[in-house]
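Engineer: Below is the sequence, then the predicted model.
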Amino acid sequence: MTETVEKPLLDSLIESRQLQILKTVVPYMHENQQKKLSMLIKLIEFQKTASLFDENSSAFSKELHACAYVSDSERISGMLGAIRKYCTEKEQENIDMILSFYEMSASC
């Protein structure tokens, strides 16, 4: 049984159906073509990522900046909560301990 993990926001903003198709094709290419196609895919992802930070960026990229406008404590708690989804059970316990400590120190 495979575990489905929610994609990070950045991935969801730059991914497309077309890129997923290209990524799926890579193993079926001749060996000398795999590297070229893989590099092309990463280049496209890099260009899309860079465009998110342009001054005239789309409304979608505004989501990426949403956390920049909250308090430091909210931002840190949100970041640790988001990271937690990708961690092992032991790492999750450590994050929970950090969050508890952080919440206690913030309330003082």
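Structural biologist: Noted; the coordinates are in hand.

Engineer: so what's the closest residue to residue 34 other than its chain neighbours scoring on pLDDT?
Structural biologist: Closest residue to residue 34 in three dimensions, ignoring its sequence neighbours and counting by CB to CB, 6 or more residues apart in numbering: residue 26, at 5.5 Å. Using the backbone N, CA and C atoms, a C-beta is placed for each residue, glycine as well. Here the pLDDT value assigned to residue 26 is 96.

Engineer: repeat for the one 10 residues further on
Structural biologist: Among the per-residue scores, residue 36 holds a pLDDT of 97.

Engineer: Helix, strand, or coil at it?
Structural biologist: Here residue 36 is recorded as helix under DSSP: H, G, I helix; E, B strand; the rest coil.

Engineer: That one: neighbour count?
Structural biologist: Look at residue 36: counted by other CB atoms under 10 Å, it has 10 neighbours.

Engineer: Repeat that for the one 3 residues further on.
Structural biologist: In terms of burial, residue 39 registers 10 neighbours under the definition other CB under 10 Å.

Engineer: now residue 93
Structural biologist: Residue 93 - counted by other CB under 10 Å - has 12 other residues nearby.

Engineer: host element of it?
Structural biologist: When elements are defined using DSSP states H and E, residue 93 is found to belong to helix 89-107.

Engineer: The protein - how does it break down into domains?
Structural biologist: The chain breaks down by automatic domain parsing into domains covering 7-68, 70-108.

Engineer: any idea of the pLDDT on residue 57?
Structural biologist: For residue 57, the pLDDT comes out at 61.

Engineer: Use 24 as the first number from now on
Structural biologist: From this message on, residue numbering opens at 24, which makes the last subject residue 80.

Engineer: which sections of this protein are below the confidence cut-off?
Structural biologist: By pLDDT under 70, the weakly predicted segments of the chain are 24-27, 78-91, 131.
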